[in-house]
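Engineer: Please work out how this folds:
(one chain, ligands or ions: 1)
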Amino acid sequence: MEHDIVNVAQTKQPAIFTQFMNLVKNNELSHAYLFTGEDGAGQFSVAMGVAMRLFCTNVQNGMPCGKCAECVRIMNYDHPDVVVTKPDGQSIKIDQIRHVKSEFTKSAMEGSKKVFIISEAEKMTTGAANGLLKFIEEPTGNVVSFLISKNRNLVLPTIISRTQVVEFPSLSKKLMVKELQPSGVKPSEVNLMISITNSLDQIKGWLKDDWFASTQKMLEKWFIYLVKDNTMAMPFIQMSLMPLITNKDRQRIVISMMLSLFDDVLETKYGTLAEERVKYPSILEQTKLAASKWRNDQILKMLDELLDVNKSMAVNVNFQNIIEALTLKILEISKS
Ligand SMILES: [Zn+2]
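Structural biologist: Residues are numbered from 1 along each chain as shown. As a prediction, this is how the structure comes out:
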């Protein structure tokens with residue numbers, strides 16, 4: 001694990017990490033940074049890597065060694081001058097910020113550098129955010145703060161204006177595949193997943209149980225009914241699909257999965273779907289069948305119907321009703 005943090009930071013965000021290593025080397029770090037971007041894009045690892053670089057006693061080629069006592073203490077969250085704060089329950093409270101402040105004040109005498117890393121910074125209460133502002137504005141000694149948040153729109157503007165915002169780009173598909181390989185995901189399965197999210201953490205969450213794969217299989221069956229104009233698609237929803245859709249999150253994911261399926265059809269119709277990008281490889285024959293059977297305008301209408309589902313969901317209509325209405329509509333368009 002020791003080496004991992006530097007390794008992860010370097011693999012996921014080579015440009016950003018190198019840039020920060022240079023900032024440390026040239027003594028040009030700012031007081032506060034806001035790292036934004038999808039979960040799992042390396043924000044935390046880069047922040048930890050910078051902390052290690054600041055304290056490492058055995059810097060190798062400009063990188064922290066990951067082995068010396070300082071590096072190890074930081075990685076074990078056991079370094080007095082490097083504090084990591086996460087939400088305590090649903091929020092980061094003012095007391096948590098005060099605690100860090102007093103910790104840092106205690107060791108300020110030594111005049112050493114200090115690093116403050118805040119995960120899920122959007123969960124700071126207003127009190128905590130204000131406490132942090134004071135902290136950033138009158139840094140006791142040599143403090144660098146890293147705020148991490150996947151959504152910069154949720155962070156208070158007063159905080160954003162006092163930090164340097166660094167956007168972490170989403171990981172490339174190639175890197176996602178590589179990261180997911182140890183979990184046993186086939187590259188062909190990754191296509192559908194990354195068509196829905198750029199968040200590696202979210203995908204890893206889906207892999208914990210069989211849900212995603214099961215749902216994909218059910219949607220394939222649903223689609224085959226549709227291609228055959230088979231009204232069995234209707235009872236199938238209640239019997240086989242609905243039991244898998246147990247909460248709002250999953251409702252949204254299922255709609256995205258459906259969109260990706262019809263996107264395969266449309267791209268096949270246009271002849272732009274490269275084999276390595278197929279999202280539903282196991283029903284490719286049916287996708288081709290659908291693309292030859294349905295006209296462009298029919299496929300586009302079906303996609304429109306799917307996009308409209310988001311509106312129905314916003315007004316809180318029963319989800320089974322929504323999917324049944326959608327299915328009827330697609331069957332209707334298919335015969336039009
Ligand atoms: Zn070291």
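
Engineer: Could you check the pLDDT of the most centrally placed residue in the chain?
Structural biologist: Central residue of the chain (Cα atoms, centre = their mean): residue 199, 2.3 Å from the mean position. Predicted confidence (pLDDT) for residue 199: 83.

Engineer: same question, the one 5 residues further on
Structural biologist: Confidence at residue 204, expressed as pLDDT, is 84.

Engineer: Burial check on it, number of neighbours?
Structural biologist: The local packing of residue 204 (other Cβ atoms under 10 Å) involves 15 other residues. The C-beta positions use only the backbone N, C-alpha and C, and glycine is treated the same way.

Engineer: residue boundaries of the strands in the protein?
Structural biologist: All strands of the chain, identified by DSSP state E, fall at 32-36, 82-85, 113-118, 142-149, 164-167.

Engineer: Tell me the strands beside the longest one, with direction?
Structural biologist: This points to strand 142-149. Strand 142-149 sits in its sheet next to strand 32-36 (parallel), strand 113-118 (parallel), going by DSSP bridges.

Engineer: Select, out of those strands, the one closest to the ion.
Structural biologist: For the ion, the closest of the strands paired with strand 142-149 is strand 113-118, at 14.2 Å, according to Cβ to the ion.

Engineer: Can you list the buried residues in the closest one?
Structural biologist: Of all the residues in strand 113-118, those buried under the rule 16 or more other Cβ atoms under 10 Å are 113-118.

Engineer: In PDB, list the C-alpha atoms belonging to that strand.
Structural biologist: Backbone C-alpha positions of strand 113-118 (Å, rounded to 0.1, in the frame of the first residue of the first chain) are rendered in PDB as follows:
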ATOM      1  CA  LYS A 113       5.000  23.200   7.000                       C
ATOM      2  CA  LYS A 114       1.500  21.900   7.500                       C
ATOM      3  CA  VAL A 115      -1.000  20.300   5.200                       C
ATOM      4  CA  PHE A 116      -4.700  20.200   5.700                       C
ATOM      5  CA  ILE A 117      -6.700  17.900   3.400                       C
ATOM      6  CA  ILE A 118     -10.500  18.000   3.400                       C
END
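
Engineer: Figure out how far it is from the centre of its chain.
Structural biologist: Chain-centre distance of strand 113-118: 24 Å, with Cα atoms, centre = their mean, to the nearest Å.
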